[in-house]
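Undergrad: Any chance you could fold what I've pasted below:
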Amino acid sequence: KGKKSVFCGDIGCYTLGNAAPLDMCDTCLCMGAGITVAQGIYHTEPDTKCFAFVGDSTFFASGITGVINAFYNQADLTVVVVDNSTTAMTGQQPHPGTGITMMGEKVEKVSIAAILRAIGLKTVETLNPLDIKKAVDTVRRVADEPGVKAVIFESPCIVLTKPKGKSVIDEEKCIGCKKCIRELGCPALTLKDGKAFIDKMLCTGCTLCEQICPTNAISGGKGNE
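TA: Below you'll find the predicted structure:
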């Protein structure tokens, strides 16, 4: 925040982060280009904080070579791997990080963190993005470190899980500040009569809105299983 930065997107469900209110995708070219474009921007504008987003499936398909090139050529960027344990955008196909082969056999997963460390990255953090404070604090800390570093967010795609509880809004506590809508861009959150409203058909109970509500007007979510 307050620093010159660029967010390089990639091909996957996280590309939807380009839309309002998130506006978190400044570039989007092809699979794996988030990492390579971020590297190029750093070398032409070294005063820019560069972030490269890549999904777990795209990482295995075409992200690894970009990380190797960025590390070898002394780039300074933060690779953000959004690992939802599937190929979510195109139909839930397995990939080397799922532990399931294309024939349905169970095998040992290939570790993204282990690959990044083998390339030479000294800082590789793995955490749950649904702990929003820890997630934000970690990215801020890691981004200030030199060289190529990575944050891996691990949380299964909602298609693979089942909500254990839906979040609900206490209208008396809600002040209509729109913070939950503005900062999350969650499709389940809208405004109704000046108050935040949660569509129970869309809510997954992830609790992100509960964590950021300034008046504690939202409760009931229990995560997924």
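
Undergrad: Just want the most central residue of this structure.
TA: V82 (4.3 Å; CA atoms, centre = their mean).

Undergrad: so what's that residue bridging to?
TA: G55, F153 (DSSP bridges).

Undergrad: Isn't it up against L16?
TA: No - between V82 and L16 there is no contact under CB atoms under 8 Å: 11.4 Å. Backbone N, C-alpha and C define where each C-beta goes, glycine included.

Undergrad: Using the three-state scheme, assign S62.
TA: With DSSP: H, G, I helix; E, B strand; the rest coil as the basis, S62 sits in helix.

Undergrad: So it sits against L29, correct?
TA: No - applying CB under 8 Å as the test, S62 and L29 come out as separate, 11.4 Å apart.

Undergrad: pLDDT score for D131?
TA: Note for D131: predicted pLDDT of 96.

Undergrad: number of nearby residues for it?
TA: 15 (other CB atoms under 10 Å).

Undergrad: And it, how close does it get to V54?
TA: D131 is 21 Å from V54, where distance means CB to CB, to the nearest Å.

Undergrad: One more: L160?
TA: 19 Å.

Undergrad: again with I218
TA: 31 Å.

Undergrad: go on, D199?
TA: Counting by CB to CB - D199 and V54 are separated by 30 Å.

Undergrad: Counting neighbours, go ahead and name the busier of these two.
TA: V54 (33 against 13).

Undergrad: wait, what's in contact with that one?
TA: V54 makes contact with 10, 12, 32, 34-35, 63, 79-82 under the criterion CB atoms under 8 Å, 6 or more residues apart in numbering.

Undergrad: okay, those in JSON lines with distance to K173 and pLDDT next?
TA: JSON lines is the format used below for the contacts of V54 (distance: CB to CB, whole Å; pLDDT from 0 to 100):
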{"residue": "D10", "distance to K173": "39", "pLDDT": "92"}
{"residue": "G12", "distance to K173": "36", "pLDDT": "87"}
{"residue": "G32", "distance to K173": "45", "pLDDT": "93"}
{"residue": "G34", "distance to K173": "39", "pLDDT": "96"}
{"residue": "I35", "distance to K173": "43", "pLDDT": "98"}
{"residue": "G63", "distance to K173": "43", "pLDDT": "96"}
{"residue": "V79", "distance to K173": "39", "pLDDT": "99"}
{"residue": "V80", "distance to K173": "33", "pLDDT": "98"}
{"residue": "V81", "distance to K173": "36", "pLDDT": "98"}
{"residue": "V82", "distance to K173": "32", "pLDDT": "96"}
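
Undergrad: That'll do, ta.
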